[in-house]
Structure formats: C-alpha cells, structure tokens
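In: let's see this in three dimensions:
(2 chains)
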There are 2 protein chains.
Amino acid sequence: MLAELAPGSAVAGVFTRSRCSSAPVEWCRKRISGGRVRAIVVNAGNANAFTGLAGEKAVVKTANTIADLLDCQTKEVFLASTGVIGEVLPVQRIERALPTLVGKLRSSHWKRAANAILTTDTYPKGASISARIGGTSVNIAAFAKGSGMIAPDMATMLAFLFTDAKIPPAVLKKLLVSSSERSFNSITVDSDTSTNDSVFLCATGKGKPHKAVRSASDPHLRDFKQALEAVMVDLAQQIVRDGEGASKFVTIIVKGAASEKAARAIGLSIANSPLVKTAIAGQDSNWGRIVMAVGKASERVNQKKLDVRIGGIQVAKGGAHVHGYKEESVAKHMKGRAIDIAVDVGVGRGCATVWTCDLTHGYIKINADYRT
Amino acid sequence: MLAELAPGSAVAGVFTRSRCSSAPVEWCRKRISGGRVRAIVVNAGNANAFTGLAGEKAVVKTANTIADLLDCQTKEVFLASTGVIGEVLPVQRIERALPTLVGKLRSSHWKRAANAILTTDTYPKGASISARIGGTSVNIAAFAKGSGMIAPDMATMLAFLFTDAKIPPAVLKKLLVSSSERSFNSITVDSDTSTNDSVFLCATGKGKPHKAVRSASDPHLRDFKQALEAVMVDLAQQIVRDGEGASKFVTIIVKGAASEKAARAIGLSIANSPLVKTAIAGQDSNWGRIVMAVGKASERVNQKKLDVRIGGIQVAKGGAHVHGYKEESVAKHMKGRAIDIAVDVGVGRGCATVWTCDLTHGYIKINADYRT
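Out: Prediction:
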C-alpha cells in the first residue's frame, strides 16, 4: 500500500509501547517529530520485526526508493509492516513493486488501500466524516486493519487517518494522543500487544481555507476533535468486531473511578479477563467474575458502593447481590450479539468506556489448531 | 476443614491483592498482625465474597463458635473460603458442623484436610519436608488447593503451611513473603486473581528444641528457608499442573533482566500471553509470540541481545532468528508434556523462573460451555 501526500502535509503518529518494536516502527519513531510526510508505505504478510540489521536495511532501502520516485526527502517517508515476526523481509519485492504503485496512485482508491493492508482480517475497515473548523467544512477519512494480535503471527493494529484541514504537526500530535486513549487504547481482543502497532494522522491542508489553528486547545477545533474521536472509535470498534473467534461485541462502561485513567484500567481488566470473556461466550451473566476482575485491577474501589449492571439491569448494588432482579431479562440480553456491562466503583468521578469481544473455541482453533 | 494448633503457635499470612477481597480475607488481614493462631476454619463451595454485611456476620459467628469450642480467643481464629462469589454463606451449616469436627481432630488427618478444601481441583495437593535449624531437625508439612481462578466460579488459591519449629511471627512473615514471590506469585493459569487467595504459615514450636531464632537473616535459618521455598514451589507447581484444561506444564526461565522483579514480570508476561499459551497447546514452537510477550512486559530489554531457547535449543540469538537450528528437536520437545522456555533479555543480572500451563479447548469448555 502506497499513499502519497501533497507537499507540506503535516503528520503525527503513535506507536506500540512494545520493547521489541519492529524496524519500521523504530524508523518512524525517530522521524515523526519532523512533522512532515509525503509518503506512507505498508506491506502485509511480514512484520519486519526481530529481524536485526537486515530489517533496518530493508526499511532504509524502501524509504530511499520511494523518496527517489516521488522526489521527496527520506525523512518524509513513513513505513508500517504487519505479518509474521522474525522472518527477513524480501525487500527486493517491495522495491520492484513501488514504481508500478506510483503509476497507479488515485485519490479515489480508499477501499483498495484498506484492502491492501489486511492480513487475517475478515473485512476491510474504513470510516469518514466531515467537521467544521471555524465555520469551514473539512474532511477526515481513514482506514485500519487488525483484529487484536490476530491469527497465526499476523500481528498488529495499523490505522491511517487523513484530513484536508491545515493543522500543524504539534497540534496533530496532541489531538492524536488524546483521541487514541479513548479509541485504540480502549479496545482489547486478547491482551497481547503487537511489535508493530502504529497510528498515523496526516493533514494535507488542501481543503477549503479555514481559520488558522495554532494550539490543540483552540475553541475552533472542538468540532474537529469530536469528529476525529468519532472516526477513531468507529475504526477501533470495527477491529474488535473482527476479533479472532469473536461471537459477541462487548461494551464496558466504568463510572465512579478515581480518574478517567483508573476507570479505563478497570474496564480493561474486565475486558481482558479470560473468565469474564468465556462467561460471555457461554451467554452466562456471571457477575461474580466481573467483581473479581474489578478487584484485580489495582485501582481504588469502594466495595461497599460497587454497582454492576448487565444489559441495563442492576445485578449487584452496594457491594452485594440484588435479590429478585429480572434474571430472565439479563439471560435474554446475554443471548444477543451486543453485550453491555456497566460498573460503578463508588470512589470518584472518573469514567471510561472500553470495548472487547468474547473468548471462544474459535480463538483457540485459530491460534492452537495450527502449526507453523 | 478445621485445623487446631497448640497454644502459643505463631502465624503469618499473605492475602490476595484484590480490591474486592472476601469477608474471611478481610477478617484475617485485620488479625494476622496479632501473630497467634489456635484454629483455621475453611469452607469450600461458597467464597463468602461480595456478600456485604451478611458475609461479615458469618465470619464473626464462625470465629466465635470455634473460639468457644476450643477455649481460645477469636483473634486466634483464622478463616478461608473458596467457591461461588456473591452468594450468602449458609453459616448455620458451618456452626452445626463445627462440634463434630472438633471431636474428630487427629494429627494424622493431613490428606483428609487437603481433600476437604478442594472445589473443582482434580486431586488433593500436599507436600512435606524436614529441615535443620542449627543442627536440630524440624518438619514442614503443607497442603493447598486451586487450579488458577478455577472452573465455574470456583475461585481461589489457598495454602496452609505448618512447622513444628519455634519461630516468632515477625520472622515467619518475612520468610513467607519472600518465598511467596518465588512460588505462588510465580505461577499463573489464566491471569485472573481471586477475591479469596490466602496463604498461611504456622509454627507450633512443639518440635525438638532448637537454637533460638530472632531474625529472618539468622544464618541458622538458611536450610529452613530453602526447605520452606521447596515446599511452596512444590505446591505451586501442583496447582499449575491441575490448571483448567491444561495439557502441558510450562517452565519459563528469564535471565539478564534489570532485576529479579523485572525478570518475573517478563516471565509472567510470557506465561499470561494467550497467543503463547495457545501456540504451546498447538505444539507450535512459535518463538515470535515469545518475543512479542517479552516486548509488551514494559521492562527494560536489549532487543539486539535477546536470546530465546526452547527445550534447550537456541532459536533466536542477538535479536534475530538462528538460521539452521534443529527444528526437528524443537518440534519433538513441543510434543512433550513439559515445555521449557528460556529467555535472556541482555540488560542485567536479574533472573526468575515462572510456571504456567497451556490454553486449550478444555479451558473454554470448562468456563464457557456452562450456565449458572
């Protein structure tokens, strides 16, 4: 996948926190502060992770080749890889393909781009929205791939966000980081973190002229921020819905935590618990496991004020079981495709929403009933 | 299960870090600093967790009843529960049973005690050893239950360790805490932490008189410490071997970390990774997933010095794949019941060993193919 951007386009990125990050992630991390982007090159099938010097060389070669072809600087070229970890990238195949790709660049090829980056995803993932900056309409369009640390070795969540607004790199970075927390960092399929996760936000400034934007706190950005977060949440949810073996889409709302961060940690503790996830797979409203997962999150909780709702029905209140709640309604909710869990931990005003899927035989089948 | 201890017996305990800990855990945590124990009462089938005021009352009633029967103080009575979370404990059944239990107390009933505390464990877990304190032989005997946060709601790891040595409570506490790190805190089945986990170490002082022990760093305690850790590691490994759905016993050795704590965190990251665990279930020597799990542990790692061995055979060295390693030998190792993974992260001298089991269809079957 090759994306070309207009000269002067700004860029920001967030990358995996893995201490074993891939060669393309290391390349991007070093150059992203430059804030300018002319090209993004992505390959699927090989992660170029844990490939040592050969991996570094492959990245340099790819960047040099595309910089020559597009007549830009190598530091304006960003790269992402997804696929098998530990195998040397056959970079000559990429070098050979790039001139053809350059010839085929079209501004209408969004869906082709979204398809090109998939590994074991079962469908392409895209979203777009328009927003206003000081009365002027601008656009955001984006695509992503991933279904957690997906099927046999096919790691990685990648997302590419583009806007025609004119926003400086430092502001883009702030917008991206804060929206990432409430979108991509609020989803989990299996708790495993890829060596290659990358999210890019690019701004070409080629849309209609709008009021100049100089800081992330500029009130004119309010609508744009909401729109950006909406697109990112949309993509993040698409990833979870395509989680390996998933049969249910689970929304977990945590309220009453010490902070938003604490609320998110509690939500992710519930979302990552194998016992909660298997209970959901089994259509079992096992709220005791939810309490267990709240407890193990290492965040402040007032057990005596702890409330748990499933499908909107209160099953635990004030630190104990609600006697005589509508078990049939909860059982019916558990049979649906969309499961809603809400928890109030009773210590503060922090809240967060987290999305996940269930843990099924399908996950084991994909990841265990398989040999490399 | 009722255990009676001789007057003057010392006790130390470590308890779950869950913020939703059970009523018996809360009871014990408040009283363990008293350091004296005369009785331990355990029930299996109901966790008495998230049971509010009713749960607290049940604990007080049980402690009062046994204190009357054994003519001791309530603060010398310790309690543990394991089973379903969130259901009120039918305490009158325990009250009724206690006089009969007192009448049946025998010093030979170790195996009966080990059996009485089981929930969905498939076998009782016990260990004993003798040790020397300054030339005098003393004994340690212990039993435990648990197979992770085991099958439908039957949470909890419980362990009870007894010695006839004379060791003051403050020293017992230090010995228990440091040995817990290298035993019970170094195992994982599914990363879920129970609301009820408890480990007790009791010292009756009724064995042969030995040199007085006043501090945990007393050189006369060296052999006793090793023996205690050996018993605790033995019990911890028995729990992992009985992990739900487990088909493989996995030993993970981490070397070269910044500290022992960092090494344990990296080991647990590998041991808790669903992708590593499913690969092992699939008898797949997927070392890329091991690298991924090392990377996500948030501990210092030198990727360029990272070595990975499976079954003693080096598969990754210096941050890249080892070309031409004996794939057949590794494949043969993966087919066995005991899997050995060793990782050197190349930054320091910290090392740790962690034990786990694989993640199989059996786990999903036990936890999902089920309705409450």
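
In: looks to me like residue A:194 is in a strand.
Out: No. The assignment for residue A:194 (DSSP: H, G, I helix; E, B strand; the rest coil) gives coil, which keeps it out of a strand.

In: pLDDT score assigned to it?
Out: Looking at residue A:194, its pLDDT is 80.

In: and residue A:12, by the same measure?
Out: pLDDT, residue A:12: 97.

In: how close does it sit to residue A:234?
Out: 19 Å (C-beta to C-beta, to the nearest Å). Yep, even glycine has a C-beta here, placed from its N, CA and C like the rest.

In: and residue A:164, by the same measure?
Out: 19 Å.

In: of residue A:12 and residue A:234, who's got more company?
Out: More crowded of residue A:12 and residue A:234, by other C-beta atoms under 10 Å in any protein chain shown: residue A:12, with 25 against 17.

In: assign that one to helix, strand or coil.
Out: On the basis of three-state DSSP, residue A:12 is classed as strand.

In: that one pairs with what?
Out: Counting by DSSP bridges, residue A:12 is bridged to residue A:201.

In: and for the residue nearest the centre of chain A, nearest residue in space, chain neighbours not counted?
Out: Nearest to the mean C-alpha position of chain A, by C-alpha atoms, centre = their mean, lies residue A:184 at 3.1 Å. Nearest non-adjacent residue to residue A:184, counting by C-beta to C-beta, 6 or more residues apart in numbering or on different chains: residue A:236, 5.1 Å away.

In: now residue A:126
Out: residue A:143 (4.3 Å).

In: buried residues, the host helix or strand of that neighbour. List them.
Out: Using DSSP states H and E, residue A:143 sits in strand A:136-145. Residues A:138, A:140, A:141, A:142, A:143, A:144, A:145 are the ones in strand A:136-145 that count as buried (16 or more other C-beta atoms under 10 Å in any protein chain shown).

In: for these, give me JSON lines that also has pLDDT.
Out: Converted to JSON lines, the buried residues of strand A:136-145 look like this (pLDDT from 0 to 100):
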{"residue": "A:138", "pLDDT": "97"}
{"residue": "A:140", "pLDDT": "97"}
{"residue": "A:141", "pLDDT": "96"}
{"residue": "A:142", "pLDDT": "96"}
{"residue": "A:143", "pLDDT": "96"}
{"residue": "A:144", "pLDDT": "94"}
{"residue": "A:145", "pLDDT": "93"}
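
In: got the domain ranges for chain A?
Out: A:2-241, A:249-368 (automatic domain parsing).

In: of those, which approaches residue B:352 most closely?
Out: domain A:2-241 (16.8 Å; C-beta to C-beta).

In: what is the end-to-end distance of that closest one?
Out: With C-alpha to C-alpha, to the nearest Å as the measure, domain A:2-241 spans 26 Å from end to end.

In: the helix or strand harbouring residue A:254: what's the following helix or strand?
Out: Element membership for residue A:254, per DSSP H and E: strand A:249-257. Per DSSP H and E, the first helix or strand lying C-terminal to strand A:249-257 is helix A:260-272.

In: where's residue A:118, which helix or strand?
Out: Counting by DSSP H and E, residue A:118 is part of no helix or strand.

In: wait, residue A:59
Out: Using DSSP H and E, residue A:59 falls in helix A:52-70.

In: can you dump the C-alpha coordinates of that helix into CSV?
Out: The C-alpha atoms that make up helix A:52-70 are tabulated as CSV, following Å, rounded to 0.1, in the frame of the first residue of the first chain:
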residue,chain,number,x,y,z
GLY,A,52,18.1,-7.3,13.3
LEU,A,53,20.3,-5.4,10.8
ALA,A,54,18.6,-6.9,7.8
GLY,A,55,15.4,-5.4,8.9
GLU,A,56,16.9,-1.9,9.4
LYS,A,57,18.5,-2.1,5.9
ALA,A,58,15.1,-3.1,4.3
VAL,A,59,13.5,-0.1,5.8
VAL,A,60,16.2,2.3,4.6
LYS,A,61,16.0,0.8,1.1
THR,A,62,12.3,1.1,0.9
ALA,A,63,12.4,4.8,2.1
ASN,A,64,15.2,5.7,-0.4
THR,A,65,13.4,4.1,-3.3
ILE,A,66,10.1,5.9,-2.7
ALA,A,67,11.9,9.2,-2.0
ASP,A,68,13.6,8.9,-5.4
LEU,A,69,10.3,8.1,-7.1
LEU,A,70,8.3,10.9,-5.5
